[in-house]
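Student: here is a sequence with its predicted model. Questions after.
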Amino acid sequence: ERILLLDGAMGTQIQELELDEAGFRGKRLAGWKAPLQGNNDILNLSQPEAIRDIHHTYFAAGSDIVSTNTFSANAIGQSDYGAENLVVEINHEGARLAREAAD
């Protein structure tokens, strides 16, 4: 038996990216109808490389387990950004990115 280490605060790591509105939108959501800054989960779609890199950083630091970047990837959380219709995709991509980093 051994102790397993879980990753840390995804939100804190995202804040360190210092993304502005354009950064949260990326190319994919450049024309989105509502502000997206602060919607960390949308980064699974607009900045997947950055999210994958955060997971990689946690593994490199010794984590055995990483959690997905899906803290508010639900209809209620995404309604603030008019992105309720993207919830399934945000969750799918969040899981895919964490799995890729683990592999």
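Tutor: Sure, I can see it. Remember, it's a predicted structure, so these values are computed and weren't measured experimentally.

Student: Ala30: neighbouring residues, count only.
Tutor: Look at Ala30: counted by other CB atoms under 10 Å, it has 9 neighbours. From N, CA and C alone the C-beta is placed, and that goes for glycine too.

Student: could you do the one 10 residues further on as well?
Tutor: Look at Asn40: counted by other CB under 10 Å, it has 22 neighbours.

Student: quick check: pLDDT value at it.
Tutor: The confidence metric pLDDT takes the value 98 at Asn40.

Student: my read: it touches Glu16, true?
Tutor: No. Counting by CB atoms under 8 Å, Glu16 is not a contact partner of Asn40; they are 12.0 Å apart.

Student: and the residue most central in space within the chain, what is it in contact with?
Tutor: In the chain, the residue lying closest to the centroid (CA atoms, centre = their mean) is Asn69, at 3.8 Å. Applying CB atoms under 8 Å, 6 or more residues apart in numbering, we find Asn69 in contact with Met10, Ile14, Asn40, Asp41, Leu43, Asn44, Ile51, Ile54, Gly94, Leu97, Ala98.
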